[in-house]
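Undergrad: give me a 3D structure for the following:
(one chain, ligands or ions: 3)
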Amino acid sequence: MISKPKTMEGSSPRVYIKTFGCQMNKLDTELSIGSLAKRGYSFAEDENDADVILLNTCSVRDKAEHKVYSQLGSLRYQKERNPELILGVLGCMAQNEGEKIFKRMPHVNLVCGTRMFSKLPELLEKITESNKQILAIDEDGEVNFDRLVTQRQNQYSAFVSIMRGCDNYCSYCIVPYVRGREFSRSVTDIVDEVKGLVDDGCKEITLLGQNVNSYGKGLTGKVTLATLLRELDPIEGLERIHFLTSHPKDMTREILEAVGELPGVCEYLHMPAQSGSDKILKKMRRQYTSAHYRELVEMAKSIVPGIKLAGDFIVGFPGETEEDFEETVKLLNDVRCQNSFIFKYSPRTGTSATELIDDVIEETKKSRNNILLELQKRISTEENKKMHGKSVEVLVEGESKTNAGRLIGRTRQNQIVVFNQPEGINQAGTSSSLSGKLVNIEIVDSTDLTLFGDLRDFSFNEMAH
Ligand code: SAH
Ligand code: SF4
Ligand code: F3S
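TA: Ligands and ions are numbered 1, 2, ... in the order given. Have a look, this model is predicted:
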């Protein structure tokens, strides 16, 4: 039985959590929802109905922090209307800004850093009892991995953290400062967690880490991402395994061979290049050259047929000339990512790149950003056209919100597929019976981001392997 904290007897406070930033943050939100539910909290669909509003935040670019400050600003009015409302800032920006958040936003009750998530229920109770502001930032605190498996947003799919923190200190990046040192979880813990998730109906997992290719560092024996994938793949009922993010400096043939051989491991690599210029890569402290990146992509394509690549690029890094940028354009053109995340360089206080002058003007950053976005859009559109007439395996998520009457799912390469149901089949019945199943869809049309197709054969593929 779940016991409620004393202060909550009678009614359970409703929490609303808004998540910014990367998948790691989405996972922290999921884990927090689990631990709060265990302590008797319930959850509001809308922030206006909440007794507790928590913002799980990101610091990776200045814009991400701005967004949170502006939301906190507008929440002031809500707090004036309802002084009992508890307002909390969690995660990377809480870790990064600390006390400053209270100074700028005195109506905030809680600032809870990246290593204090597991204490969230107690911290909220303390605030309810004492009505004091709490700053909870611990540089060495334990990172929480506990999970209440039944509390997930998507029943069929889950994130699983295989490591925390980052030791790479790329010169532009704040993540090592807000997330701490790299730490790998044991294979047994991960396997147990995945088994629990599969027993709970999960078909697909995404292994998370800032640099999953260095998984195993610090563990005893020879443990690598490849060995972990080999342990996870045979788990009965687990259909798909994804992993991200891959760092080119630690990618190995052994990992790619595991991806190629293991039926459950999906043919998809999120491997950020950041730049195509060796001069800039060096200043970024990425520890590889663009030639090495190209070799890895060639190796991946030859070992894993049909593999698709996603990349991150930063434009306008200090000292990036037109020629440097052209090399990035050339790299993207050559490796042909399926999709890319493209960012304008944003100096972060405390990182070593702030010693360099941020000399690429905003207008140039914007135009380089647009050039890469356009190029990526063209490549994605062309690559998707090549899929027309082909049949792809889709994990069905449910009804499409934007295309009435159609269903939506994802391919093994993480592409969205919107598809028609076979004629003569009760639509509501089909969508509920197909959700969480693997089906084969024939692709007939596409845009840069979406594939459209038909489910021709209703005898779906229960087991992928
Ligand atoms: N661990 C991942 C990325 C984490 S941050 C990796 O190493 O690939 C996600 C992306 O944000 C990075 O890949 C980078 O492209 C971008 N990024 C990080 N710091 C940035 C900054 N200061 N300015 C602009 N983009 C940045
Ligand atoms: Fe940041 Fe580099 Fe670590 Fe990725 S590998 S989180 S870009 S320091
Ligand atoms: Fe992720 Fe942003 Fe933190 S990218 S690790 S939420 S700084």
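
Undergrad: can we go C-alpha only for contacts and neighbour counts from here?
TA: Fine.

Undergrad: residues near Thr19, how many?
TA: 20 (other Cα atoms under 10 Å).

Undergrad: so what's it bridging to?
TA: Asn56 (DSSP bridges).

Undergrad: quick one, what contacts it?
TA: Residues near Thr19 by Cα atoms under 8 Å, 6 or more residues apart in numbering: Asn25, Lys26, Thr29, Leu55, Asn56, Thr57.

Undergrad: of all those, which comes closest to ligand 2?
TA: Ligand 2 has its nearest neighbour among those in Asn25, at 13.0 Å by Cα to the nearest ligand atom.

Undergrad: taking the contacts of Thr19, tell me the two that lie furthest apart.
TA: Lys26 and Leu55 (11.4 Å; Cα to Cα).

Undergrad: the two: which has the busier surroundings?
TA: Under the neighbour definition other Cα under 10 Å, Lys26 and Leu55 were set side by side, and Leu55 has more, 22 against 17.

Undergrad: correct me if wrong: the more buried one contacts Gly88.
TA: Yes: counting by Cα atoms under 8 Å, Gly88 is a contact partner of Leu55 at 6.3 Å.

Undergrad: can you give me the end-to-end distance of stretch 265-283?
TA: Its first and final residues considered, stretch 265-283 spans 34 Å by Cα to Cα, to the nearest Å.

Undergrad: is that stretch anywhere near ligand 3?
TA: No: contact of stretch 265-283 with ligand 3 (Cα under 6 Å from any ligand atom) is absent, the minimum separation being 13.2 Å.

Undergrad: measure the most centrally placed residue in the chain to Thr29 for me?
TA: The chain has Gln23 as the residue nearest its centroid, 2.1 Å off, counting by Cα atoms, centre = their mean. As for Gln23, its distance to Thr29 is 10 Å (criterion: Cα to Cα).

Undergrad: same question for Ala310.
TA: Computed as Cα to Cα, the Ala310 to Thr29 distance reads 24 Å.

Undergrad: look at these two and report which has more neighbours.
TA: Taking neighbours as other Cα under 10 Å, Ala310 and Thr29 compare with Thr29 leading, 23 against 20.

Undergrad: the more buried one and Asn56 touch, don't they?
TA: Yes: counting by Cα under 8 Å, Thr29 does reach Asn56; the two are 7.1 Å apart.

Undergrad: mind listing the shared neighbours of the two?
TA: Ile17, Thr19.

Undergrad: quick one, phi psi at the residue nearest to the centre of the chain?
TA: Gln23 has phi and psi values of phi -60, psi -30 when expressed as degrees, to the nearest 10.

Undergrad: do the one 5 residues further on as well
TA: As for Asp28, its main-chain torsions (degrees, to the nearest 10) stand at phi -60, psi -40.

Undergrad: so what's the residue count around the closest residue to ligand 3 within the stretch 301-450 of the chain?
TA: Proximity of the stretch 301-450 of the chain to ligand 3 (Cα to the nearest ligand atom) peaks at Arg348, 10.6 Å away. When neighbours are defined as other Cα under 10 Å, Arg348 has 17 of them.

Undergrad: that one and Glu65 touch, don't they?
TA: No: contact criterion Cα under 8 Å: Arg348 and Glu65 do not qualify, at 10.8 Å.

Undergrad: anything in contact with each of Lys26 and Leu55?
TA: With Cα under 8 Å, 6+ apart, Lys26 and Leu55 have common neighbours Thr19, Phe20.

Undergrad: ok, Asp233 touching Pro263?
TA: Yes: between Asp233 and Pro263 there is a contact under Cα under 8 Å: 7.4 Å.

Undergrad: so these two - more neighbours on which side?
TA: Legend: neighbour count by other Cα under 10 Å for Asp233 and Pro263, higher for Asp233 (20 against 16).
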